[in-house]
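>>> task: produce atomic coordinates for the following.
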Amino acid sequence: MAEKWIIGIDLGGTSTKLAFVNEAGDILHRWEIPTVTANEGEAILPNIAKSIEDELARVKREKKDITGIGLGVPGPVDMEAGVIYETVNIGWAQHYPAAGTLQKWTGLKVVMIMMQTLRHSVKCGRVPGKVPGKWSSLRLAPVSAAASLQAATSSTV
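Residues are numbered from 1 along each chain as shown. Below you'll find the predicted structure:
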């Protein structure tokens, strides 16, 4: 049986950074795609979903090997509802249902967190996982995924 992976995503205004990580928070594979914000960001989530499919094929893994997605976004969120209240740099309307929409595109469970909250939590030692080197968003994305999914899983058990 293959080791289960988590997908960490840092959604930014110019680029989206993605990573496959194991459940311990180790980065196994990472890549980046442009964030296309035209037309109120309508292509953002379909592009992310396509990118995930492409990278899974590249590393010879399948969706069944993925526990879920931790999505870090640039704005305040309602984690329970999967809604981002407002974004200033990616074009989405207020109260955009990002988690549910990405889940529909990928077929994977999605937990969303505000990246600024994550950065503060990691610096204060409140989030488990490995964050080597600088506090860059690319390195925080896997921690976001692992921590968010672990929290969601433990609260529903």
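
>>> H95 contacts V83, correct?
Yes - H95 lies in contact with V83 (C-beta atoms under 8 Å); the separation is 5.3 Å. Glycine gets a C-beta too; all of them are placed from N, C-alpha and C.

>>> shaky segments in this protein?
Within the chain, the set of residues satisfying pLDDT under 70 comprises 1, 115-157.

>>> using the three-state scheme, assign T101.
The local conformation at T101, judged by DSSP: H, G, I helix; E, B strand; the rest coil, is helix.

>>> surely it and I44 touch.
No - T101 lies out of contact with I44 (C-beta under 8 Å); the separation is 9.4 Å.

>>> which element is I69 on?
Assigned by DSSP states H and E, I69 belongs to strand 66-73.

>>> this structure: strands as residue ranges?
Under the criterion DSSP state E, strands of the chain are mapped to 5-11, 15-22, 27-34, 66-73, 77-78, 83-84, 110-114.

>>> among those strands, which comes closest to R58?
R58 sits nearest to strand 27-34 of all those, at 8.2 Å, using C-beta to C-beta.

>>> from the chain's centroid, how far away is that closest one?
Centroid separation for strand 27-34 versus its chain: 11 Å, with C-alpha atoms, centre = their mean, to the nearest Å.

>>> thanks a lot, catch you later.
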